[in-house]
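1. prediction below, plus the sequence it came from.
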Amino acid sequence: MSVDELERERAAKPAGMGLTGWLRWCWRTLTSMKTALILLFLFALASVPGSLIPQRSVEPDKVALVYKDSPALAEWYDRFQLFDVFTSVWFAAIYLLLFTSLIGCIIPRTATYLRELRRKPPAAPRNLTRLPHSASFDGDLTVTEAARRLRKLRFRVETGDGWVAAEKGYLRETGNLLFHIALLGVLVAVGFGSLYGYRGNVLVAEGDGFANTVAAYDRFIPGPQVSAESLEPFSFEMTDFQATYQVEGEKRGQELDYSAFLKVTDAPGAAPRDYELKVNEPLEVNGTQTYLIGHGYAPVFRVTDAKGHVAFEGPVPCIIADKPTLTSDCVVKVPDAQPTPLGFLMRFLPTSVPLTDGSYASAFPGAIQPGVQVLGAFSGDLGMRSGEPRSVYELAPPELMKKLKPLVMGKDVPAPLAPGQTLDLPDGAGKLEFVEVKEWMTLQIAYDPGRLPALLAASTATVAIVLSLVIRRRRVWVRVKDGTVDVGGLTRTEGSAAGFAEEFDDIVKVLAAGDKDER
Amino acid sequence: MSAEPLAELSDLFVVAAVLLYLFAMVGFALELAFGRARADAPVKGRARTPVTVGAASSEAEAGMPSDDAPQQPVPAFALRGGIAGVVLAWLGWAANLGAIVTRGLAVDRWPWGNMYEFIVAICFAAVSAFLITQTRTNIRFLGGFVMVPAALGLGLASKVFYTSAGPVVPALNSYWIAIHVTAAIIASGLFVLAGVAGVLFLVRGDGLSRLPAKAELEKAAHRAIVLAFPLWTFAVIAGALWADRAWGRYWGWDPKEVWSFITWVGYAAYLHARVTAGWRGRAATVVQLVAFLALLFNLVGVNIFIEGLHSYA
Ligand code: HEM
């Protein structure tokens, strides 16, 4: 509430809390409001770096890039937690201060509100014509009749000697308090969710499966209160994957739709059910959601070593090198090949077409004419027995890479293999067969017990803010004396006076015209 | 009609809308330039109730000078200019609507899947907000100034951000686009209206001026924001619900989310500033405009400068 309003209030309601009470209340409101305002600013300002500097939780690889390109800058960023703005100490300090201020604001306001709810509308001021809205007419309206009519308009009414006082619009304050309380609710729900929820990513190839255990994830981010046993014990197998692309026109090759066909087992021993997993249509098992995030190709290879044994067979997820054509890079490591381990660097072309210069490229992301180019084949130690975690997209650590013996290399890149074709390695070192094309999908699996409470609180906030912004608190007084009726009114809500002029006119009409009805 | 001629028709509609908005602007400008100068307070004494005795004035501007401008006759062409402005603006509005509808038919989806379509829709929303408000309260004085960003927006959209008609990525193929983006568009349109009023408020000096009175400007801005704020709140929540469906988390501080949040906090700050002593008027308007800048940055800047899940355009 504003100073102007307070002054008007005081003018309209001399028998209030008394000047000191008003001043104290006023002082308190104003100081806390200003604080709240400044904290709101800080809150907004503090989130800006979170959008300009890469965030660890959103783009960890970009953060790594900053470390690589300008380590000194990265150091400084990290010192101020600028890679983790939204979990940083200073960001938390701002919102905790803001919400403390909010609580400090809600409590006294709720108390005032409850008192107001029970209070009768204040007595009519002596001179109604001095109010912002006033009218008078002749008629023999009685105090009881005026009160009845105002009650019918859903006013809360108080009568006295020759006057009626009426007030309505209490829902405004209800909405306002509810809104602020709901904001606290959102904060609590979000906090609860991050304590007891978890999130993880996994890549699954066609024909493979996933069981929801910590070990099965490629990346797992649990909340502090999550234990391994609290994971929902469901599992599924991906039986098929289908993607469609725009075939013609300027947007040729753009993804149109994709879905993974799953056989889902909700709990150990349960009967499997079919589910078509799509973007925007997550799989839900008891509150745990599984989302389809991305997809790519996983050609199946069979590698036979020098001794004629099949040393490797299976789908190899390839990393996407060119998004529009889904040209992908594949690495096959065969540590079990005898007598020496084999390694292959390959390129997968979903729709391979020869170019005029004799090289090949992919012309379309769909697997219309899939081909695999063997860019390099090597034999030697791949460093896989050291036990260190190793990227699946890297053939060998750089120091070992130099020692590998190239079997097929560089310039003599052969034409792409079609499914079913085999490349014989020179000197009887073995052979590589490109068996068939499969696809992989990446999934995000998330459990967040705060989702629904957060939604509930946020929805409450939205409804409440509408009440708070749309409803006006207004007072109307009527004085009857010697056949003349004076009506005065004011809105207690600044800024929404515009609509009240019309409403006041209508009220006056009801008071005046209702009279004639009865004759 | 098949898709291609429809898409071409849509582009023509955009050009027509730009021209009509510019003509409307001229009409409104004539009325402002040759109409009556206004004192820095609204006119007193509205005698709407037949039985009213007292004067009903707006309550927000106690203490401001209220002497009316010296009465001078308003030339007829100025008045007609204003009316022509409204008519032309409605025609431009219809062309703008036509552009959106034909585009939607051409691509067979909700026509706000990229920045071009989004900006065209926001211009439409801003002009709608002005025209609809104008039928209920007299804010014709804002007309010329609303036409400027509308024409500029459409012009920029078709010159700089033009994207030919086509399908969108699968993540955007969802009914959530109808809910979330529509709410964001309507709210943004209203915020544009408030922004225009806010800029005028800051530009206008005290005292007599061709520009509308400060109190009127502030009232127009406040009305628009009071409508837009809950809508924006809803749009952000709907976005979170969609993100929950599509990405597996309802809030992940993606740049678009960060800037929507900043915008939301900014307008909340405006609503607080308006009721805080020492902040109302000028300071509150500055707050509003800062929030508006955040909104604009979110619309355009985030798509261009920052990579994120939302950067489809
Ligand atoms: C989390 C941040 C907050 C947000 C997003 C927020 C938002 C809002 C909104 C949208 C309104 C409606 C304004 C109107 O009725 O015109 C409002 C009103 C109000 N807020 Fe907040 N608020 C926040 C924090 C606070 C805090 C910390 C305080 C206390 C110091 C506070 C005190 C008030 C008061 C007193 C009003 C009523 C103003 C009136 O008389 O209309 N708010 N708030």
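-> That came through fine.
2. nearest to the ligand: which residue in chain A?
-> residue A:105 (2.8 Å; Cβ to the nearest ligand atom). Where C-beta positions appear, they are placed from N, C-alpha and C, glycine not excepted.
3. does that residue touch residue A:181 like I think?
-> No. Using Cβ atoms under 8 Å, residue A:105 makes no contact with residue A:181, being 10.6 Å away.
4. which helices and strands sit right next to the helix or strand hosting residue B:149?
-> In this assignment (DSSP states H and E), residue B:149 forms part of helix B:143-159. Judged by 3 or more Cβ pairs under 8 Å, 6 or more residues apart in numbering or on different chains; DSSP states H and E, the packing partners of helix B:143-159 are helix B:3-34, helix B:76-107, helix B:115-136, helix B:182-203.
5. can I get these in CSV with mean neighbour count and distance to chain A?
-> Formatted as CSV, the helices and strands packed on helix B:143-159 follow (neighbours: other Cβ atoms under 10 Å in any protein chain shown; distance: least, Cβ to the nearest Cβ, whole Å):
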stretch, mean neighbour count, distance to chain A
helix B:3-34, 19, 9
helix B:76-107, 19, 10
helix B:115-136, 22, 10
helix B:182-203, 24, 10
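6. make TSV out of these and add mean pLDDT.
-> Output for these, formatted as TSV (pLDDT from 0 to 100):
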stretch	mean pLDDT
helix B:3-34	87
helix B:76-107	88
helix B:115-136	91
helix B:182-203	93
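7. could you export these as CSV, including distance to the ligand?
-> Output for the helices and strands packed on helix B:143-159, formatted as CSV (distance: least, Cβ to the nearest ligand atom, whole Å):
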stretch, distance to the ligand
helix B:3-34, 30
helix B:76-107, 29
helix B:115-136, 18
helix B:182-203, 13
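8. select, out of those, the one closest to residue A:379.
-> Residue A:379 sits nearest to helix B:115-136 of all the helices and strands packed on helix B:143-159, at 51.9 Å, using Cβ to Cβ.
9. the closest one to helix B:143-159, inter-axis angle?
-> Counting by axes from the mean of the first three to the mean of the last three Cα atoms, to 10 degrees, helix B:115-136 points 160 degrees away from the direction of helix B:143-159.
10. contact partners of stretch B:185-193?
-> Stretch B:185-193 has contacts (Cβ atoms under 8 Å, 6 or more residues apart in numbering or on different chains) with B:112, B:118, B:121-130, B:133, B:142, B:146, B:149, B:220-221, B:224-225, B:227-229, B:231-232, B:235, B:267, B:291-292, B:295, B:299.
11. about what we covered before: now the residue of chain A closest to the ligand: which helix or strand?
-> Short version, using DSSP H and E: residue A:105 is in helix A:89-118.
12. from the contact counts, what lies against that helix?
-> By 3+ Cβ pairs under 8 Å, 6+ apart, helix A:89-118 packs against helix A:19-52, helix A:171-196.
13. find me the pLDDT at the residue of chain A closest to the ligand, would you?
-> For residue A:105, the pLDDT comes out at 81.
14. tally of neighbours for it?
-> 18 (other Cβ atoms under 10 Å in any protein chain shown).
15. and it, how far from residue B:35?
-> Remark: distance between residue A:105 and residue B:35 (Cβ to Cβ, to the nearest Å) = 45 Å.
16. doesn't residue A:506 belong to a strand?
-> No. Counting by DSSP: H, G, I helix; E, B strand; the rest coil, residue A:506 falls outside a strand, being helix.
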